[in-house]
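*Asks:* Provided below are the primary sequence and the corresponding predicted coordinates.
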There are 2 protein chains.
Amino acid sequence: MQCAPVRRQTSAILCSACSALVPAHPSLLARRIWHARSDQRTRASSSATTAFPAGVRISRNSSAHLSGAIRRSEAALLTPGTRALIEQGYIAQSASGLWTLLTPALRILQKIERIIDEEMIALGADKVAMPALLKQSLWQRSGRYKPGATNRELLQVHDRKGQHWILGPTHEEEITELVGQRTLTHKSLPLRYYQIGRKYRDEARPRGGLLRSKEFVMKDLYSFDSSVESATITYEAVLGAYKRIFDRLDLTRHGIVMARADSGEIGGSLSHEWHLLHASGEDDVQLCSACQYAANVEFGDKDAGQSECPSCGSGRLTTERAIEVGHTFFLGTRYSEPLGLKFHDADNTQKHVQMGCYGIGTTRLLGVMAELYLKDQRFVWPKHLAPFSLAVLPVNNELDDLTATLLHRYHALGQGRVDKNDIVVNRDYQTDLRKRTAQTAVLGSPTTLIVRDCDADRLDMSVVRSDGVVEVRARSANEIDAALLDLVNAV
Amino acid sequence: MQCAPVRRQTSAILCSACSALVPAHPSLLARRIWHARSDQRTRASSSATTAFPAGVRISRNSSAHLSGAIRRSEAALLTPGTRALIEQGYIAQSASGLWTLLTPALRILQKIERIIDEEMIALGADKVAMPALLKQSLWQRSGRYKPGATNRELLQVHDRKGQHWILGPTHEEEITELVGQRTLTHKSLPLRYYQIGRKYRDEARPRGGLLRSKEFVMKDLYSFDSSVESATITYEAVLGAYKRIFDRLDLTRHGIVMARADSGEIGGSLSHEWHLLHASGEDDVQLCSACQYAANVEFGDKDAGQSECPSCGSGRLTTERAIEVGHTFFLGTRYSEPLGLKFHDADNTQKHVQMGCYGIGTTRLLGVMAELYLKDQRFVWPKHLAPFSLAVLPVNNELDDLTATLLHRYHALGQGRVDKNDIVVNRDYQTDLRKRTAQTAVLGSPTTLIVRDCDADRLDMSVVRSDGVVEVRARSANEIDAALLDLVNAV
């Protein structure tokens, strides 16, 4: 695509096609910027005439408006991370165990999901989105719904035709039925499907904000293999993907353990829980001092006196509090038998498919991260997981136009490396600068660009990074470009 | 970030940091490519040793496995677009009115949502995600839930504690309560929030696949203003955003009309429906031959004999079938009064907030697009909305390694313009080429790269575009680069 200069301004041309600022000559770019302020003064309106690049988020504090309301009755029960998420405008409570995610939380969740998507694609899994409304009749066939029993954790729905539905906590039955819609042969297998979406559980005691809620977001993966051997290879491949996911989420260094676990309601013959060791957890995990052995105490020998490792025999066991962030199950034929999912094998016989299922709670991960990254009442998110990688704070509305121009230039210099959706500009000019600085700080961005006053001789910018503040005073177009390019490389 | 060459291969270096192929010299790159085939032959495994760029989707036909199962009882009721979506592996039926979205459908939906996100950001709206489970008590206060009445379109849930919930069809009550959690002044307003998520409606007669289902995805926006004047400005701004959204979705040229409509259950004093004129629609819209007047027949004068335009008085009215794809409501104080949402105005009085709500059904849009873009049993999606902008088909597994190398080079040459998630490679080598070509064709990609055989003298590629086939035979590294750069510019 050719650039098509259409908007002539005093001394610079803004390309309507690629949004790059095209100066006729570098010195003219400088004049354009220096003159921004005096241009601005002659205008009645404070809105920018140079539009901000499309996709850049303009914050007028509407997200912050939803911050801070904590029910007094629950305040004492909240973990420090949850309390900060509420007070700083990341989440808002709708009811016990039900939360609204606000923009900063959604941004982090999106970055978590992108990492999971990439690892699922690398695993050869296809993304799907199944309904949350599941047929109760199918759950009766699998044996997970027992008529007459309490089924207390299941949220149930009855429709106008008298049909019964379950709000899905997981989707084993549904995906098994879907895969069985067409004839399967050994050549069709293995198959792997995953989704990232809302799940439902009627928690008796919701707690810790996103750590245990009634409606939450989960990544659930389901695998279909022709033999136990092949299913074991799949299981190992998923364990590898999980390790990479927790590495990339920067959680490994905080102590992620893979613990043998009970298969519980979901069933199957082999199961591992993925735990983050943390005082706010609800689970107890036994760890060996000598080898890699780890097990949920519910799974291990429950004799409280036992302190010798059942795996290596030499290490001593200690018990630590932990938060479950993932669970992997080798299901075998737990679902394929009752639901009749078979494939035609090479030896001309029909066999039941070997299945696995694998979950990661993404909203719970966000809750865990809130506990881990809260320092002195401020979130210090890992650089690649912060809601916005660059926060921009023009100190007053007269710098609006200049800031928009700088961001266009920043984007052009980035040559595709700048994600405009990852930039937020605070333009809440009705609020005083101290409060606006605080609004920007709660986002925990690794880099904040403060655009200060400028006069005919220089432009003042401060670049606030996790590791300190960089003051920039640029006098020429070349100096401005150099400063912006530094920023591109830092973000 | 500096490139960090770590994987030395015969004659090219793959950077572990940026995934670019770094040849020591252009002629070496050519040798690397020419020798890929003979390298491959010496290996037992057919899997690529040159990994495909991270994020590129490798299709082994698992999505296609879920295609094609149509319940015979419903086959006759399906629209042509829905039938093709099912047969070609875009959606699969879970139950009446309940659908699973498969990878190609999710990709299109993601592109629709990105356009909506950008226009909502431009409107200054903050993205949130409210729970689907809503308190029935709040709906009683607003008057939308009437105890004792049938409330037939609402799906209801009773939990273990005997509390009653509604699976949200829209979220007016919920967002009103959230905004009221903190004190509002005239300076806090206007506020605008939106979300994109699952909605629920107990349809008596689900039909047309995604056109009318029980569980669907909707963008819903809510606005809060201090006066009718300000709320009117907001309403006009949203109409502008809707026009841009339908333009960018390429729907305007198919006939989108904004029609005066009844406010129905949701309430308020002014309402517009956005309709796509189409024979498969369920609504009837009256259009004037002379002016822009359009109205749902349910809203207009229902006298069937009337054929004179009530707006201009001179045009004649005709009635056309249409599909509703959006609905905008000026709500006034319909919700703020019963739920007590007030703000402190500049004149020191408390006033009720003026609200608006605005929906676009995104899964329904996908259903509409399926009806519009099906030509001769093949989907021909608009270039920017196709599931993948580039489909890659190596004709046999011996070309795997070469194809991976080409895609690394393609990505490097793109300098940030290539979205790796937008590329799919068909590696379903167990299936014959004719079927694989068909698998690739159903994705409706604007560009397909077929990598054919190569020998020591040349590389054969075919680039299949909507407007024809381009054959490329390249002999040198420079020629290959030129061909790939052409592809970057075409995609």
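*Replies:* Looks like it arrived, so ask away.
*Asks:* strands of the stretch 51-200 of chain A, start to end?
*Replies:* Applying DSSP state E, counting those that start in this stretch to the stretch 51-200 of chain A gives strands spanning A:57-59, A:91-95, A:98-101, A:126-127, A:133-135, A:155-158, A:164-167, A:191-200.
*Asks:* how about the helix or strand hosting A:V257 as PDB, C-alpha atoms only?
*Replies:* Under the criterion of DSSP states H and E, A:V257 resides in strand A:256-260. Coordinates of each C-alpha in strand A:256-260 appear next as PDB, following Å, rounded to 0.1, in the frame of the first residue of the first chain:
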ATOM      1  CA  ILE A 256       4.900 -24.400  40.800                       C
ATOM      2  CA  VAL A 257       4.700 -28.100  41.700                       C
ATOM      3  CA  MET A 258       3.100 -30.900  39.800                       C
ATOM      4  CA  ALA A 259       1.500 -33.200  42.400                       C
ATOM      5  CA  ARG A 260      -0.100 -36.600  42.200                       C
END
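*Asks:* can you tell me what sits against it?
*Replies:* A:239, A:242, A:246, A:271-277, A:285-287, A:294-296, A:299-300, A:322, A:325 (Cβ atoms under 8 Å, 6 or more residues apart in numbering or on different chains). The way it works is simple: take the backbone N, C-alpha and C, and place the C-beta from them, glycine included.
*Asks:* one more time with 7 Å, if that's ok
*Replies:* If you take Cβ atoms under 7 Å, 6 or more residues apart in numbering or on different chains as the criterion, strand A:256-260 is touched by A:246, A:272-277, A:285, A:287, A:294-296, A:299.
*Asks:* now do A:E337: how many residues are near it, please.
*Replies:* A count of nearby residues for A:E337, using other Cβ atoms under 10 Å in any protein chain shown, gives 13.
*Asks:* and it, that's in a helix?
*Replies:* No: counting by DSSP: H, G, I helix; E, B strand; the rest coil, A:E337 is not part of a helix but coil.
*Asks:* phi, psi for it please.
*Replies:* For A:E337, the backbone dihedrals (degrees, to the nearest 10) come out as phi -70, psi -60.
*Asks:* got the contact list for whichever residue of chain A sits closest to chain B?
*Replies:* Closest contact between chain A and chain B, by Cβ to the nearest Cβ, is at A:G416 (1.4 Å). Taking Cβ under 7 Å, 6+ apart, we find A:G416 in contact with B:Q415, B:G416, B:R417.
*Asks:* which of the residues in the biggest strand by length in chain A are buried?
*Replies:* Counting residues, the longest strand found in chain A (DSSP state E) is strand A:317-332. Buried residues in strand A:317-332, counted by 16 or more other Cβ atoms under 10 Å in any protein chain shown: A:317, A:320, A:322-332.
*Asks:* show me which helix or strand of chain A is least confident by mean pLDDT.
*Replies:* Ranked by mean pLDDT, DSSP states H and E, the weakest helix or strand in chain A is helix A:36-41, scoring a mean of 28.
*Asks:* what residues does the stretch 301-450 of chain A have near chain B?
*Replies:* A:Q415, A:G416, A:R417, A:Q430 (Cβ under 7 Å from any Cβ of the partner chain).
*Asks:* the residues you listed in strands, which ones?
*Replies:* Those of these lying in strands (DSSP E): none at all.
*Asks:* wait, which of those is closest to B:P382?
*Replies:* A:G416 (23.1 Å; Cβ to Cβ).
*Asks:* let me see the confidence value for that closest one.
*Replies:* On pLDDT, A:G416 comes in at 79.
*Asks:* same check on A:S462?
*Replies:* 84.
*Asks:* mind putting the strands of the stretch 51-200 of chain A into a markdown table with mean neighbour count, mean pLDDT and distance to chain B?
*Replies:* As requested, those are exported to a markdown table (neighbours: other Cβ atoms under 10 Å in any protein chain shown; pLDDT from 0 to 100; distance: least, Cβ to the nearest Cβ, whole Å):
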| stretch | mean neighbour count | mean pLDDT | distance to chain B |
| --- | --- | --- | --- |
| strand A:57-59 | 22 | 83 | 6 |
| strand A:91-95 | 23 | 93 | 5 |
| strand A:98-101 | 23 | 96 | 4 |
| strand A:126-127 | 23 | 94 | 5 |
| strand A:133-135 | 23 | 98 | 6 |
| strand A:155-158 | 19 | 93 | 5 |
| strand A:164-167 | 22 | 96 | 7 |
| strand A:191-200 | 22 | 97 | 5 |
